[in-house]
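Visitor: the following comprises the amino acid sequence and a computationally predicted model.
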Amino acid sequence: MPFMSGLKNTLFLWFLCLMACGNMGNRDTLAPAVVNSEKTQDETAIIVAANRTSEYLKYLHNKKVGVVANPTSVIFKNSDLPQQGHTHLIDSLLALNIAIKKVFAPEHGFRGQADAGEAVKDGLDTQTGLPIISLYGKNRKPTASQLKDLDLVLFDIQDVGVRFYTYIATLQLVMEACAELDIPVLVLDRPNPNGHYVDGPTMEEEHQGFLGMTPIPLVYGMTIGEYATMINEEGWLSGGLKAHISVIPLENYTHERSYSLPIRPSPNLPNDQAITLYPSLGLFEGTHINAGRGTEYQFQRFGAPFLSKEHFMFTYIPEPNFGSKNPKHKEMICYGQDLSQHPRMDSVSLKWLIDAYKHSKDQSRFFKTSGFTKHAGTAKLQSAIETGLSEGDIRKSWQADLDRFKTVRAKYLIYP
């Protein structure tokens, strides 16, 4: 590929120049197109770890590297204004002659085109020619043969801080596989847009699986780097193994700071509104209620044909689109509620779930029993809703587990 060859030569010369000039500061980037050459105007801007190249290139030189990545794995052109553009981490590292051997793709795939739950296939990336190894197809944990030719695995994926969002399960399985082969793991940290609170039911051991592999609440209030350390130190890898992990931290991040994701982390989380509502409306994924899939307002509305149209005046019709090829209740009128203007959340809300159940014409059709329990992490939540327990009483039942988790969580926080 002549373009990539020329770009690599140009970028490598630029990188050597920066090294010679002693200009490898924390805000450097890897390509001329993404350099913010002037001193930042905002010294408090959040700097993602991928932009802190001087902190992690030393781990990668002269190593055969595997990268766990998706469309969010980017270096921003301007750390202060990430919405102004980016280069993909893979492209930047290849341009600097880092020996990337393969890319591991999580749910939704490396380029982010697959539906939720849709198998991701192995293949070759058309833009780089790198082999793509699916971690959401035949296997969700890298095999020994897939890892045997690697010296290091780099993990860089934007998470949203919700237990059933599967990127943290992928992280755990990658750490476990690497621990078994004594391969180091390097985690580039990114902000958690739901990192300002801890809430929801805690995953019970008997229900653990890919939607929740550890005893954490629905919203756990940690960055992916903090959580990786917790997995390791709490002995949550199979057989009590420990991975050799290094976390490259964020700059200027605190858990209370809001962070607007400039790239959608998956096809059905298109904006900040969807992300703030996802912990609450994501519970509808384990029911027969549509949570906005098949519209441009995913996780900003909910509805179903069997909800009471006298109670729910808002209507919409799900249609196949970029985010969902076959949404629930496709091409049917759904009665429900629009939440696209709801304020930023600081807790998990059950009011919409309870309201929908109460005003369902056929409550026997409401829950996908096993699916709901996997999302909730406990069978108790469905039972509580079916018996008419109030939201307040349900929330009280979470508190002891939340208090215990917060004590453990505090040991692994990198940021205030």
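Guide: Good, I have the coordinates. Residues are numbered from 1 along each chain as shown.

Visitor: contacts for the host helix or strand of residue 177?
Guide: Following DSSP states H and E, one finds residue 177 within helix 167-181. By C-beta atoms under 8 Å, 6 or more residues apart in numbering, the residues outside helix 167-181 that reach it are 68, 104, 106-107, 135-136, 140-144, 147-148, 153, 155, 157-159, 184-185, 187, 210-214, 224, 227-228, 231-232, 236-238, 241-245, 265. Every residue, glycine included, has its C-beta placed from N, CA and C.

Visitor: buried subset of those?
Guide: Buried subset of those (neighbour count, 16 or more other C-beta atoms under 10 Å): 68, 104, 106-107, 135-136, 140-142, 147, 153, 155, 157-159, 184-185, 187, 211-214, 224, 227-228, 231-232, 236-237, 241, 243, 245, 265.

Visitor: which ones among the residues you listed map onto helices?
Guide: 147, 224, 227, 228, 231, 232 (DSSP state H).

Visitor: widest-spaced pair of those?
Guide: Greatest spatial distance among those (C-beta to C-beta): 147 and 227, at 21.5 Å.

Visitor: domains for this protein, by residue range?
Guide: 2-248, 272-378 (automatic domain parsing).

Visitor: let's test this: mean pLDDT of the first one, rounded?
Guide: So that's domain 2-248. Averaging pLDDT along domain 2-248 yields 84.

Visitor: cool, the shortest one as well?
Guide: The average pLDDT within domain 272-378 is 97.

Visitor: between the two ends of it, how far is it?
Guide: Start-to-end span of domain 272-378 (C-alpha to C-alpha, to the nearest Å) is 28 Å.

Visitor: quick one: it to chain centroid distance?
Guide: In terms of C-alpha atoms, centre = their mean, to the nearest Å, the centre of domain 272-378 is set 20 Å apart from its chain centre.

Visitor: please apply the same query to the longest one.
Guide: Distance, stretch centre to chain centre, for domain 2-248: 11 Å (C-alpha atoms, centre = their mean).

Visitor: begin at 55 from here
Guide: That works, and once the first residue is 55, the last one we named lands at domain 56-302.

Visitor: can you map out the strands along this structure?
Guide: Under the criterion DSSP state E, the chain contains strands at 118-123, 128-130, 140-142, 153-159, 177-178, 185-188, 206-210, 239-242, 253-256, 271-273, 299-302, 355-358, 368-370, 388-392.

Visitor: where's the spatially most central residue of the chain relative to residue 221, distance?
Guide: The chain has residue 213 as the residue nearest its centroid, 2.5 Å off, counting by C-alpha atoms, centre = their mean. Plainly put, residue 213 is 5 Å away from residue 221 if you go by C-beta to C-beta, to the nearest Å.

Visitor: any residues in contact with both of the two?
Guide: Joint contacts of residue 213 and residue 221 (C-beta under 8 Å, 6+ apart) are 278, 319.

Visitor: CA atoms only: put the helix holding residue 231 into PDB for me.
Guide: Below are the C-alpha coordinates for helix 221-235, written out as PDB (Å, rounded to 0.1, in the frame of the first residue of the first chain):
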ATOM      1  CA  TYR A 221     -15.900  -5.200  27.200                       C
ATOM      2  CA  ILE A 222     -15.000  -5.700  30.800                       C
ATOM      3  CA  ALA A 223     -15.600  -9.500  30.400                       C
ATOM      4  CA  THR A 224     -13.400  -9.500  27.400                       C
ATOM      5  CA  LEU A 225     -10.700  -7.700  29.500                       C
ATOM      6  CA  GLN A 226     -10.900 -10.300  32.200                       C
ATOM      7  CA  LEU A 227     -10.700 -13.200  29.700                       C
ATOM      8  CA  VAL A 228      -7.700 -11.600  27.900                       C
ATOM      9  CA  MET A 229      -5.900 -11.100  31.300                       C
ATOM     10  CA  GLU A 230      -6.600 -14.700  32.300                       C
ATOM     11  CA  ALA A 231      -5.300 -16.100  29.000                       C
ATOM     12  CA  CYS A 232      -2.200 -13.900  29.100                       C
ATOM     13  CA  ALA A 233      -1.600 -14.900  32.800                       C
ATOM     14  CA  GLU A 234      -1.600 -18.600  31.800                       C
ATOM     15  CA  LEU A 235       1.200 -17.900  29.300                       C
END
